[in-house]
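>>> Pasting the sequence and the predicted model now:
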Amino acid sequence: MKKIAVTITTLCTLAVLMLGCASNPAEKDLNNFRDYFAKRFPDTPMNDFKNGVYSVDKGSREQWESLEEFPPYEIIVDKGETLFNTPFKNGKTYASCFSSSVDSIKTNYPYFDKKRKEVVTLEMALNECRDANGEKPLKYKTGAITHIGAYLAFQARGKTVNVKIDPSEESMKWYNRGKQHFYAKRGQLNMSCADCHYYNAGNRIRADVLSPALGHTTHFPVYRNKWTGSGDGMGTLHRRYGGCNKQVRAKPFKAQSEEYRALEYFHTYMSNGLEMNGPGIRK
Amino acid sequence: MRHTAITVSTAIAVVLGSLSLSIPSMSQAGSSTIDEGKKIAFDRKKGNCLACHQIEGGSLPGNIGPPLIAMKARFPDKEVLKAQISNPQKNNPHTMMPPFGPHEILSASEIDKVVEFIHAL
């Protein structure tokens, strides 16, 4: 009996090496997700998916690359740096709330907090830091939080997305809730995130090419032309989630709601292994 | 032989000419329904069919669904076409095409008009 068990473990170890036979179901999801996009876009090198729609739409890539030469987010990154380093009324700064150096803060989010039994995002941690230091919270979709976010994203450039999916039951509940959100049809128009960004990635919806979900989260916060109408163009990932929910005439959830944090947990994990390259510029 | 051919074609032309003279009242009713259907189909807040389908007369179409051409040949039975437009989930439970009827994105009479327009393509 013991011998059989040993053989089986050996086999599984071999299988892990050869096939990536995953023990955590999330790992299996990740492998399938990557394989699907690698097959669908054989001309796109894996690490290029971090460039979103431009990884599969050569037509608009050149224009985007020229925008990147004098990026409109540069001034935002500077603002974020100032905000990050300006002391609160009590004399402390944001840095006092984080244990890692400024270039790795972003790499630690989102994560499942075992004690609190919930997913914690960077935006949440920033506001909790403010709260702990007697400051009022920032708005979650636009403004100062996107400036600080842009600065931390810029500092983390070149690092790798490495979300850890805690295998505990509680954490998997959050993971599965996010996964469910991604694949479930919703809204009057009855479409899922996957309809647009998985099954139809690379296709056109009207004149817009749909980006692959692989690489979606690497470059947030994002500066969008469309968002300059009502501010400085910057928005968080949850702002984008709300916009995409609205497109299908579904009621958006609140930024930093459990629903969107769960989605971020799943969605960011799906980009594990890709390079961080925020902030980004999009249409 | 040549002479006969000419005569025949003249005859046909005459017949066609008289036909087209006798039809106007009928085809006008039809064409205004078709025009209304087209407006609904192209309206972004209504059918927004161009988001996914290439349709003659519409600019910047998407390519998520098949081009809507030669519809009479592919859907000789208008009711089958209507079923596809009203509730595409019946044919494909996973379809991305919106359930225009069941989700009341379009009213029954709007769907009828869209069907007339699409069927005429």
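That came in fine, so what should we check first?
>>> going forward, measure contacts between C-alpha atoms and count neighbours the same way
Noted.
>>> burial of A:K89, as a residue count?
Counted with other C-alpha atoms under 10 Å in any protein chain shown, residues neighbouring A:K89 total 10.
>>> typo on my end, it should be B:P76
B:P76: 11 surrounding residues under other C-alpha under 10 Å.
>>> if I look at it, how far off is A:K79?
For B:P76, the distance to A:K79 equals 63 Å [C-alpha to C-alpha, to the nearest Å].
>>> So which residues of the chain form helices?
This is for chain A. Under the criterion DSSP state H, chain A contains helices at A:2-19, A:25-40, A:58-67, A:74-85, A:122-132, A:144-155, A:169-183, A:193-194, A:237-247, A:258-269.
>>> The chain in question should be chain B.
According to DSSP H, chain B carries its helices in the segments B:2-22, B:24-42, B:71-74, B:78-86, B:108-119.
>>> which bits of chain A sit near chain B?
Within chain A, the positions near chain B by C-alpha under 8 Å from any C-alpha of the partner chain are A:188-191, A:195, A:200, A:203-208.
>>> Neighbour count and pLDDT added to these, as JSON lines?
Converted to JSON lines, the residues of chain A next to chain B look like this (neighbours: other C-alpha atoms under 10 Å in any protein chain shown; pLDDT from 0 to 100):
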{"residue": "A:Q188", "neighbour count": "19", "pLDDT": "98"}
{"residue": "A:L189", "neighbour count": "19", "pLDDT": "98"}
{"residue": "A:N190", "neighbour count": "19", "pLDDT": "98"}
{"residue": "A:M191", "neighbour count": "23", "pLDDT": "98"}
{"residue": "A:D195", "neighbour count": "21", "pLDDT": "98"}
{"residue": "A:N200", "neighbour count": "18", "pLDDT": "98"}
{"residue": "A:N203", "neighbour count": "22", "pLDDT": "97"}
{"residue": "A:R204", "neighbour count": "21", "pLDDT": "97"}
{"residue": "A:I205", "neighbour count": "21", "pLDDT": "97"}
{"residue": "A:R206", "neighbour count": "20", "pLDDT": "96"}
{"residue": "A:A207", "neighbour count": "15", "pLDDT": "93"}
{"residue": "A:D208", "neighbour count": "16", "pLDDT": "95"}
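>>> Where strands are concerned, which of these count?
Among the residues of chain A next to chain B, the ones falling in strands (DSSP state E) are A:204-205, A:208.
>>> A:P72: which of these is nearest?
Among those, A:D208 lies closest to A:P72 (C-alpha to C-alpha), at 21.8 Å.
>>> Flag whichever of the helices of chain B has the least confidence on average.
Note on these: helix B:2-22 shows the lowest mean pLDDT, a mean of 42.
>>> mind listing what the residue of the stretch 151-283 of chain A found nearest chain B touches?
Per C-alpha to the nearest C-alpha, A:R206 is where the stretch 151-283 of chain A lies closest to chain B, at 3.9 Å. By C-alpha atoms under 8 Å, 6 or more residues apart in numbering or on different chains, the residues touching A:R206 are B:50-52, B:60-63.
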